[in-house]
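A.B. asks: Quick one: sequence plus predicted model below, questions after.
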Amino acid sequence: MTTIVRDKKYRDKQKRKDNFISIFIGFFAIVWIFPILWTIWTSLRPYNDIISYGVFSWPRHLNLNNYFNAFRQMGLTHYFLNTLYVTIPAVLLTLFLGSLIAFVVSRYSFRFNLTLLLLFTAGNMLPIVLTYIPVFWLYIKIGDLFGNRSLLYNNYLGIILVHVAFQVGFATFVLSSYMKTVPKEISESAIVDGASVFRHYWNVMLPLLRPPLAALGVLMSCWIYNDFFWALILMSQDS
């Protein structure tokens, strides 16, 4: 009887604790989401409606004219496509290279295993502003070396490669940590069945990486999509 009462008190205490945490998280979620929803709501109101009745008034009607006008008058379609031309290839290439490197350092043991992992992750410890000038001069020198300064500078390829170079370390770290939780028996079974190294990676390990790949894909898409400084440094034309 004493045990039952003690268990009931513990469950009640745990339930109150869970309720408090849920309310706490819910409050901050509302605080974070409200400005975003308010911005979207206001963007759907006609400009004259806001001027006439105030920003806090109830709208007379809603439409998408503000978005159409922004894309048409400011030429945002062109700039939006420019961003997609960089973001999509950069994210896909980063995830592919990151997963491939993580597969090697986490599933195979060799002398420089840890050194290779540290090499790819150490770059993330540097402040990004320290790399702007060196990368700029590197791109210029590579272009001069091949007789074409636009080989990397002022080129989609140059921005894609610099994003891949700076994001692949983080992707390798996350994916290698996840791969270490996958039982070794899965890899051993693939090797016993005669799978090659690439087949082991592509058909066995890669399908198991869908959760971390999805999370990394979202994060890197946001980071690369919102980046402005690399485009400002490595591009001199707005076309």
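C.D. replies: Received, thanks.
A.B. asks: quick one: least confident helix or strand in the chain?
C.D. replies: In the chain, no helix or strand scores lower on mean pLDDT, DSSP states H and E than helix 113-122, which sits at a mean of 75.
A.B. asks: And the next helix or strand past that helix?
C.D. replies: Downstream of helix 113-122, the next assigned helix or strand under DSSP states H and E is helix 132-145.
A.B. asks: Which elements pack onto the least confident helix or strand of the chain?
C.D. replies: Packing partners of helix 113-122 (3 or more C-beta pairs under 8 Å, 6 or more residues apart in numbering; DSSP states H and E): helix 76-107, helix 156-179. C-beta: built from backbone N, CA, C; applies to glycine.
A.B. asks: Most tightly packed of these?
C.D. replies: Compared across the helices and strands packed on helix 113-122, helix 156-179 shows the largest average neighbour count, a mean of 21 (mean count of other C-beta atoms under 10 Å).
A.B. asks: what does the helix or strand just after that one contact?
C.D. replies: Scanning forward in sequence from helix 156-179 by DSSP H and E, the next helix or strand is helix 184-192. Residues from elsewhere that reach helix 184-192 (C-beta atoms under 8 Å, 6 or more residues apart in numbering): 107, 199-200, 203-205, 208.
A.B. asks: ok, residue 232 - contacts?
C.D. replies: Applying C-beta under 8 Å, 6+ apart to residue 232 gives no contacts.
A.B. asks: Mind listing what's buried along the helix or strand that it is a member of?
C.D. replies: Assigned by DSSP H and E, residue 232 belongs to helix 229-234. For helix 229-234, the neighbour count (16 or more other C-beta atoms under 10 Å) marks 230, 233-234 as buried.
A.B. asks: where does residue 75 fall, phi/psi-wise?
C.D. replies: When read as degrees, to the nearest 10, the backbone of residue 75 gives phi 70, psi 30.
A.B. asks: How many residues are close by it?
C.D. replies: As a burial measure, residue 75 scores 11 neighbours (other C-beta atoms under 10 Å).
A.B. asks: and the gap between it and residue 81?
C.D. replies: 11 Å (C-beta to C-beta, to the nearest Å).
A.B. asks: got the domain boundaries for the chain?
C.D. replies: Domains of the chain are assigned by automatic domain parsing as 2-67, 75-234.
A.B. asks: Out of those domains, which one sits most buried?
C.D. replies: domain 75-234 (a mean of 16).
A.B. asks: For that domain, what is the spacing between the initial and final residues?
C.D. replies: Length of domain 75-234, first residue to last, C-alpha to C-alpha, to the nearest Å: 21 Å.
A.B. asks: swap in stretch 40-47?
C.D. replies: With C-alpha to C-alpha, one end of stretch 40-47 sits 14 Å from the other.
A.B. asks: Done for today, thanks.
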